[in-house]
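> Based on what follows, work out the 3D shape:
(2 chains)
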There are 2 protein chains.
Amino acid sequence: MSTTDRLSRLRQLMAVRKTEALLVSQPENRRYLSGFDGTAGLLLITAEAAVLVTDSRYTQQAGQQAPDYRIIQMSGDVGSWFPDLVEELHIKRLGFEADHLSFDMSRRLGSALDDNDLPTRLVPTTGIAMEIRMTKEPEEVELITRAIAISDNAMDKITAAIEPGMTEEQAAWEIEQTMRTNGSQTLPFEVILAAGPNAALPHAKPSDYVIQPGQPVVIDIGARVQGYGSDLSRSICAGEPDETFKKVYKAVKDAQAAAIAGAAAGMTGAHLDQLARDVIDEAGYGDKFGHGLGHGLGLAPHEKPHISPRSEDVLADGMVFTIEPGIYLSGWGGVRIEDTVIMENGRIRVLSQAIKMEV
Amino acid sequence: MSTTDRLSRLRQLMAVRKTEALLVSQPENRRYLSGFDGTAGLLLITAEAAVLVTDSRYTQQAGQQAPDYRIIQMSGDVGSWFPDLVEELHIKRLGFEADHLSFDMSRRLGSALDDNDLPTRLVPTTGIAMEIRMTKEPEEVELITRAIAISDNAMDKITAAIEPGMTEEQAAWEIEQTMRTNGSQTLPFEVILAAGPNAALPHAKPSDYVIQPGQPVVIDIGARVQGYGSDLSRSICAGEPDETFKKVYKAVKDAQAAAIAGAAAGMTGAHLDQLARDVIDEAGYGDKFGHGLGHGLGLAPHEKPHISPRSEDVLADGMVFTIEPGIYLSGWGGVRIEDTVIMENGRIRVLSQAIKMEV
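Modelled structure (predicted):
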């Protein structure tokens, strides 16, 4: 789908939300709506106009990547371009992305309006562009699927190759090289590979810790294709699993299966989270599953919908998200199993295919 | 220098700035002041207390990395921990990082105070932690120097190896592999390697464009060691340089040399920028040098001091920053030469040593 179509979907939603004009500062929203993937810039969108403001490093690139937009080169502070633009477009109420724009930037925009005696009001908004991004277009699913194939392949290779004596860092770099040489861009997040006690930290960084026989190893990786990421976790045992590992692994795997089987369109993220949490509670590890069950992914490695105990996001066809229960035991380690799924015809189809252990 | 010492420097500066308590949300500030390098968390610092609030993914790691801090595990919205903490610490005025904290988060903090009838006032602040970070400790210079050695080595290898027929992506991945296998963590920014017309975009992404004979190639890379980055640019010609290349390259090199020779403690960033800009103006390319001359670097790839036409930052001993003039000609390409320097005894010492072309 072209950015022209995305702009018209955005404008429809802006009309519903009574947002006459929207200033987009959040990087993935900016990229999604314009095609421009530089690191600095703002979009200003009204029913008629679409303007991309960026600095001299990016004006040429922006012109190439964002043909739907008029490009303005900014220099200096917002006062040098913002009041003129707002006045030219006759904007009375300008929505901004309150969950992204800094307090200071909102204040500078407000001062620039005041200094020029403009009557324009700044109005905090949240989630307008994300609401569109949350449902993936077929072209986006295709890119995510390509990223998933890369991480599946790398995961199957490392889970077969990993053995006691390797350091976490060595194994993590093996994975990254495999994904990058198979076509992944810079990874959407750093490889997580944590052994033994380190695996009790859900977001551990790979260290020079040497993997020991019989230890659990949690591996959490993502590849990226044209900006779109994958997200995949597997947990293995380096050697013979002990009883704790078997019990924990089974609880996590069963919890994930329950969520996959029970998920349905119309359900909230909190409801889906509960399906997995019930299984882990039942197994006696309720207080060892501290994070949410999953999250949407796309241009951002974490985006809507949230699948967590308090999430009111309603699941719907076209959403792509992770299901990743985990159990973490301080001093021993942890197990997390994460797949990426898509909702289609009201049910879940699992996209990632990396091998899981049988225990 | 330990985080204990950094905390006491911060508290001294807070006293000067009449900031009774400070909420730190900016990731590099959080890491610098606490030692905790997770991706989520807030610090709350008063003259007496130092508290780190993070979620269940990170509480164990935070406890290990940030021994100076009391760790609070948050769950749910700010209302569940923020008012209680503010009340317990008897905070009357709480500074927050207005250039980082989102408008929305500042509003949620304010609402949580109101909902609990607390008299605490939120006060926007900027640059308190950055002012300390801007001057590097010897241990930080040591880490930056190690990162510089890695990027110098990778640059010398690629400038010797690059030749027409390679794609930008191939060359960029060669560089990244060299740096990573030589001890760099995940890079502080993606490798920039742009040939021919692409080199006219100061921040181009490597593409499948095949490098042609006689084209300028701009290469801009950084390595990272224990969080601290380097930043290095060289420009080469793939084959025999034409007259334009020679003229542009000489102007950029002379501009850099003028800035390095003329820099002195007490000078503003704008003044130093002008020393290089004058040389490029003189050569007739004044309007082709669109970005600032340089920037500080450390835990963040771009931080204070700014070396740019409007910067009022005053250069002082212990600051580490880049000097990177460039000339960009649309359709032809560009040349940028960037070194990292430190100010010592009032003058500049150049830290990066990668080979430059003779033209």
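> The residue of the stretch 201-350 of chain A found nearest chain B - how many residues pack around it?
Chain B sits closest to residue A:290 of the stretch 201-350 of chain A, with a gap of 2.9 Å, by CB to the nearest CB. Just so you know, the C-beta spots here come from the backbone N, C-alpha and C atoms, and that holds for glycine as well. Neighbourhood size, residue A:290 [other CB atoms under 10 Å in any protein chain shown]: 17.
> is it true that it lies in a strand?
No: going by DSSP: H, G, I helix; E, B strand; the rest coil, the assignment for residue A:290 is coil, not a strand.
> Just list the residues touching it, thanks.
Taking CB atoms under 8 Å, 6 or more residues apart in numbering or on different chains as the contact definition, residue A:290 lies against A:202, A:328, B:55-57.
> Out of those residues, give me the two with the largest separation.
Within the contacts of residue A:290, A:328 and B:55 form the most distant pair, 12.6 Å apart (CB to CB).
> Those two: which has the busier surroundings?
Between residue A:328 and residue B:55, counting by other CB under 10 Å, residue A:328 is the more crowded of the two (23 against 20).
> Can you give me the neighbour number for the closest residue to that one other than its chain neighbours?
Leaving out its chain neighbours, the residue that sits closest to residue A:328 by CB to CB, 6 or more residues apart in numbering or on different chains is residue A:334, at 3.9 Å. Residues contacting residue A:334 under the criterion other CB under 10 Å number 26.
> Torsion angles phi and psi at the residue lying farthest from the centre of chain A?
Taking CA atoms, centre = their mean, the residue of chain A most remote from its mean C-alpha position is residue A:117, at 40.3 Å. When read as degrees, to the nearest 10, the backbone of residue A:117 gives phi 50, psi 40.
> Can you give me the distance of it to chain B?
Residue A:117 is 23 Å from chain B, where distance means CB to the nearest CB, to the nearest Å.
> pLDDT at that residue, what is it?
Here, the pLDDT recorded for residue A:117 equals 96.
> from the chain's centre, how far out does the lowest-mean-pLDDT helix or strand in chain A sit?
Lowest mean confidence among the helices and strands of chain A (mean pLDDT, DSSP states H and E): helix A:59-65, at a mean of 91. Computed by CA atoms, centre = their mean, to the nearest Å, the chain-centroid distance of helix A:59-65 equals 26 Å.
> For the next helix or strand after that helix, buried residues please.
Following helix A:59-65 in sequence order, the next helix or strand is strand A:70-73 (DSSP states H and E). Using 16 or more other CB atoms under 10 Å in any protein chain shown as the test for burial, strand A:70-73 gives A:71-72.
> likewise stretch A:285-292?
Buried positions in stretch A:285-292, judged by neighbour count with 16+ other CB under 10 Å: A:285, A:288-292.
> Looking at pLDDT only, which of the residues you listed scores worst?
residue A:290 (89).
> distance of that residue from residue B:8?
Distance of residue A:290 to residue B:8, given as CB to CB, to the nearest Å: 33 Å.
> tell me the phi and psi of residue A:133?
phi -60, psi -30.
> show me where the stretch 51-200 of chain A has strands.
Secondary structure of the stretch 51-200 of chain A, counting by DSSP state E, counting those that start in this stretch: strands at A:70-73, A:93-97, A:121-125, A:192-195.
> Do you know the pLDDT at the residue of the stretch 1-150 of chain A found nearest chain B?
Per CB to the nearest CB, residue A:56 is where the stretch 1-150 of chain A lies closest to chain B, at 3.0 Å. For residue A:56, the model assigns a pLDDT of 84.
> Which residue comes closest to it once chain neighbours are left out?
Using CB to CB, 6+ apart and skipping the chain neighbours, the partner closest in space to residue A:56 is residue B:290 (3.0 Å).
> Chain B contacts on the stretch 1-150 of chain A?
Listed as neighbours of chain B in the stretch 1-150 of chain A under the rule CB under 8 Å from any CB of the partner chain: A:37-39, A:55-58, A:60-61, A:76, A:96, A:98-107, A:124, A:126.
> Which positions in the least confident helix or strand of chain A come out as buried?
By 16+ other CB under 10 Å, the buried positions in helix A:59-65 come out as A:59-62, A:65.
> got CSV for these, with distance to residue B:26 too?
As requested, the buried residues of helix A:59-65 are exported to CSV (distance: CB to CB, whole Å):
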residue, distance to residue B:26
A:59, 28
A:60, 31
A:61, 27
A:62, 27
A:65, 29
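> Out of the residues you listed, which is nearest to residue B:249?
Lowest distance from residue B:249 to the buried residues of helix A:59-65 (CB to CB) belongs to residue A:60, with 20.6 Å.
> Name the nearest residue to the closest one, ignoring sequence neighbours.
Among residues not flanking residue A:60 along the chain, residue B:201 sits closest, at 5.5 Å (CB to CB, 6+ apart).
> partners of residue A:342 in the sheet?
Beta-bridge partners for residue A:342, by DSSP bridges, are residue A:320, residue A:349.
> Surely it is in contact with residue A:140?
No: using CB atoms under 8 Å, residue A:342 is not in contact with residue A:140, being 10.4 Å away.
> what's in contact with the longest helix seen in chain A?
Assignment by DSSP state H gives helix A:138-161 as the longest helix of chain A. With contacts defined as CB under 8 Å, 6+ apart, helix A:138-161 is touched by A:1, A:136, A:171, A:174-175, A:178-179, A:182-184, A:219, A:221-232, A:234, A:236, A:297-298, A:318, A:320, A:340, A:342, A:351-355.
> buried set for that helix?
Neighbour-count burial for helix A:138-161, counted by 16+ other CB under 10 Å, picks out A:140-141, A:143-155, A:158-159.
> average pLDDT for it?
On average, helix A:138-161 scores 97.
> Only C-alpha atoms, please: export it in PDB.
Taking Å, rounded to 0.1, in the frame of the first residue of the first chain, the C-alpha atoms of helix A:138-161 are listed here in PDB:
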ATOM      1  CA  PRO A 138      -0.300  -7.600   3.000                       C
ATOM      2  CA  GLU A 139       3.000  -6.000   1.900                       C
ATOM      3  CA  GLU A 140       3.900  -5.400   5.500                       C
ATOM      4  CA  VAL A 141       3.100  -9.000   6.500                       C
ATOM      5  CA  GLU A 142       5.300 -10.100   3.600                       C
ATOM      6  CA  LEU A 143       8.300  -8.200   4.900                       C
ATOM      7  CA  ILE A 144       7.700  -9.400   8.500                       C
ATOM      8  CA  THR A 145       7.500 -13.000   7.100                       C
ATOM      9  CA  ARG A 146      10.800 -12.500   5.400                       C
ATOM     10  CA  ALA A 147      12.400 -11.300   8.600                       C
ATOM     11  CA  ILE A 148      10.800 -14.200  10.400                       C
ATOM     12  CA  ALA A 149      12.400 -16.700   8.000                       C
ATOM     13  CA  ILE A 150      15.800 -15.200   8.700                       C
ATOM     14  CA  SER A 151      15.400 -15.400  12.500                       C
ATOM     15  CA  ASP A 152      13.900 -19.000  12.300                       C
ATOM     16  CA  ASN A 153      16.900 -20.100  10.300                       C
ATOM     17  CA  ALA A 154      19.400 -18.500  12.700                       C
ATOM     18  CA  MET A 155      17.600 -19.900  15.700                       C
ATOM     19  CA  ASP A 156      17.600 -23.500  14.400                       C
ATOM     20  CA  LYS A 157      21.300 -23.200  13.600                       C
ATOM     21  CA  ILE A 158      22.300 -21.900  17.100                       C
ATOM     22  CA  THR A 159      20.100 -24.300  19.100                       C
ATOM     23  CA  ALA A 160      21.700 -27.200  17.300                       C
ATOM     24  CA  ALA A 161      25.200 -25.700  17.700                       C
END
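> Okay then, goodbye and thanks.
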